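**Q** this is a predicted model, with the sequence first.
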Amino acid sequence: SLGRLDRICSKLRYKQELWEESIPSFILSAMAKSMSPNSPQYAENFLKGMIQKHKQLPRQNQSPNPIHYTSVLNSYAKRGMASEAEQLLQYIQSEHKAGNLQEGPGSAAYNCVINAVAQSNDPDAPQKA
């Protein structure tokens, strides 16, 4: 019957929306955990693509969220990429302040930046962390 078909299609659309929301998190998390030397750059490029797509077609489920940003920060932290982590944190803060992000950086984001500074080769790292 049409009613049953409509319910099935509705469930499939709901599952597809959940899947679309989950894919970026899975990809960025995998990149952050990867030990490939290029994974921070890949993660950053993926995040930039998400930001561009959201600016072109603003849909709530496609906008980068704190988990996405923190995954990229984590990727930087594992490689001691302190300046990149600090720049991304400043970007998150400015976008939140401008009203473009609903949530600002959480404690996990700040911890990633501290870890990036601590893992860096900067002789002033203990003072910065």
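**A** Yep, that arrived.
**Q** surely Lys78 and Gln119 touch.
**A** Yes. With contact defined as Cβ atoms under 8 Å, Lys78 reaches Gln119; the gap is 7.2 Å. Every residue, glycine included, has its C-beta placed from N, CA and C.
**Q** now do Ala98 against Ala109, distance only.
**A** 17 Å (Cβ to Cβ, to the nearest Å).
**Q** these two: which has the busier surroundings?
**A** More crowded of Ala98 and Ala109, by other Cβ atoms under 10 Å: Ala109, with 23 against 8.
**Q** can you tell me the helix or strand for that one?
**A** helix 107-119 (DSSP states H and E).
**Q** Asn74 too?
**A** Judged by DSSP H and E, Asn74 forms part of helix 66-78.
**Q** flag every buried residue along that helix.
**A** By neighbour count on 16 or more other Cβ atoms under 10 Å, the buried set for helix 66-78 is 66, 68-78.
**Q** which of these sit farthest apart?
**A** Pro66 and Lys78 (18.4 Å; Cβ to Cβ).
**Q** need the pLDDT of the closest residue to Ser25 other than its chain neighbours.
**A** Excluding the flanking residues, the one nearest Ser25 by Cβ to Cβ, 6 or more residues apart in numbering is Ile67, at 5.6 Å. Note for Ile67: predicted pLDDT of 90.
**Q** residues in contact with the one residue sitting closest to the centre of the chain?
**A** Geometric centre of the chain, nearest residue: His68, 1.7 Å, by Cα atoms, centre = their mean. Contacts for His68 (Cβ atoms under 8 Å, 6 or more residues apart in numbering) come out as 24-25, 28, 47, 50.
**Q** list phi and psi for Ser36.
**A** phi -60, psi 140 (degrees, to the nearest 10).
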